[in-house]
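> coordinates for the following, if possible.
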Amino acid sequence: MPASSIGPVDLRPGLTADKFRNEYANRKPVVIPGGAKRLAAACEWTLDSLRRAASGAVVQVKKTGDVAARGGRSPSSSWAGVPLPVLMPGLRSYFTYVS
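Residues are numbered from 1 along each chain as shown. Purely as a prediction, here's the structure:
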């Protein structure tokens, strides 16, 4: 489903698995605050563990050009391989935001 056609998204704290299957699965998006608290990504993964596990990884990042630098033309974009350690400072602020 394209993002532009999603419309409003329900916020359902404490949504049970049965209610999720009956009301939302394969029908419409829903935000379940705290719904991922027990997943490994939320409990066990840290930036330090990510750094140890994947310090040699290269991540494909979509880079968008600066419109003003090209005289106001629409942005161009391309993909570039960026070493994971280069992205770590930005990830730290993201992890702080979502925690």
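> would you confirm that Leu84 contacts Val59?
Yes: look at Leu84 against Val59 with Cβ atoms under 8 Å: they come within range, at 5.6 Å. Every residue, glycine included, has its C-beta placed from N, CA and C.
> which one's more surrounded, the two?
Leu84 (16 against 12; other Cβ atoms under 10 Å).
> neighbours around Leu87, how many?
There are 14 residues near Leu87, going by other Cβ under 10 Å.
> who's in contact with it?
Val59, Val61 (Cβ atoms under 8 Å, 6 or more residues apart in numbering).
> show me where pLDDT drops low in the protein?
By pLDDT under 70, the weakly predicted segments of the chain are 1-6, 63-77, 91-99.
> helices of that one, start to end?
17-23, 40-43, 47-54, 84-98 (DSSP state H).
> can you list contacts of the shortest one?
Meaning helix 40-43. Here helix 40-43 makes contact (Cβ under 8 Å, 6+ apart) with Ala36, Lys37.
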